Each structure stands twice: as C-alpha cells, then as structure tokens.
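> just need the structure, nothing else, for what follows:
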Amino acid sequence: MRQSLRDKMVQVCNAKILAKGDNVGLSFYAFFSNKNDDPELLMEAATWWIQTHQLDHFVKARIVRDMVDSGL
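Numbers count the residues shown, from 1 in each chain. Sure thing, here's the model as predicted:
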C-alpha cells in the first residue's frame, strides 16, 4: 500500500480516536470523501482491508492504526 494512503489512514484513525474515544470503529470508507474522485486509491484501500486482512466492515480505529503502523 502506498505511503500516502498509510499516512492518511493513521491521521484519520488518530482524529477519530481523539474525537470519539478509544473504542470508535470505522470502515475503509472513512479515509475518503463522499465523492469517488480516486477509484484506484479506493480499491487499494479496499483490497488491503477486505482481501489482504479480511477485516469486518467496521473495525476499531486503534486496531487499524496499529496494523498500518506495524507495516501490515
């Protein structure tokens, strides 16, 4: 996964945790605006989330952040 997407995922996870607490969940759609202006990047995130790691639709933001930070 490209570094810019990893950075965005960590940033969004941190913001969600700060705003809503340690148990906040999110889906991979949280990393994108409602407008699908970069379908390739969206598919990259979906592939990482669904195919590579077989995550549920909603996952705790802290878990996602830790996975991305660890290089998974």
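
> please enumerate the helices of this structure.
3-20, 39-46, 61-69 (DSSP state H).

> got the buried residues for the last one?
Same thing as helix 61-69. Neighbour counts over helix 61-69 (16 or more other C-beta atoms under 10 Å) mark 61-62, 64-65, 67-68 as buried. C-beta here means a position set from N, CA and C on the backbone, and glycine is covered the same way.

> closest one of those to residue 31?
Nearest to residue 31 among the buried residues of helix 61-69 is residue 64, at 9.5 Å by C-beta to C-beta.

> tell me who's in contact with the closest one.
9, 13, 26, 55 (C-beta atoms under 8 Å, 6 or more residues apart in numbering).

> can you redo the buried residues of helix 61-69 as JSON lines with distance to residue 4 and pLDDT?
As requested, the buried residues of helix 61-69 are arranged in JSON lines below (distance: C-beta to C-beta, whole Å; pLDDT from 0 to 100):
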{"residue": "61", "distance to residue 4": "19", "pLDDT": "97"}
{"residue": "62", "distance to residue 4": "21", "pLDDT": "96"}
{"residue": "64", "distance to residue 4": "16", "pLDDT": "96"}
{"residue": "65", "distance to residue 4": "16", "pLDDT": "96"}
{"residue": "67", "distance to residue 4": "17", "pLDDT": "96"}
{"residue": "68", "distance to residue 4": "12", "pLDDT": "95"}
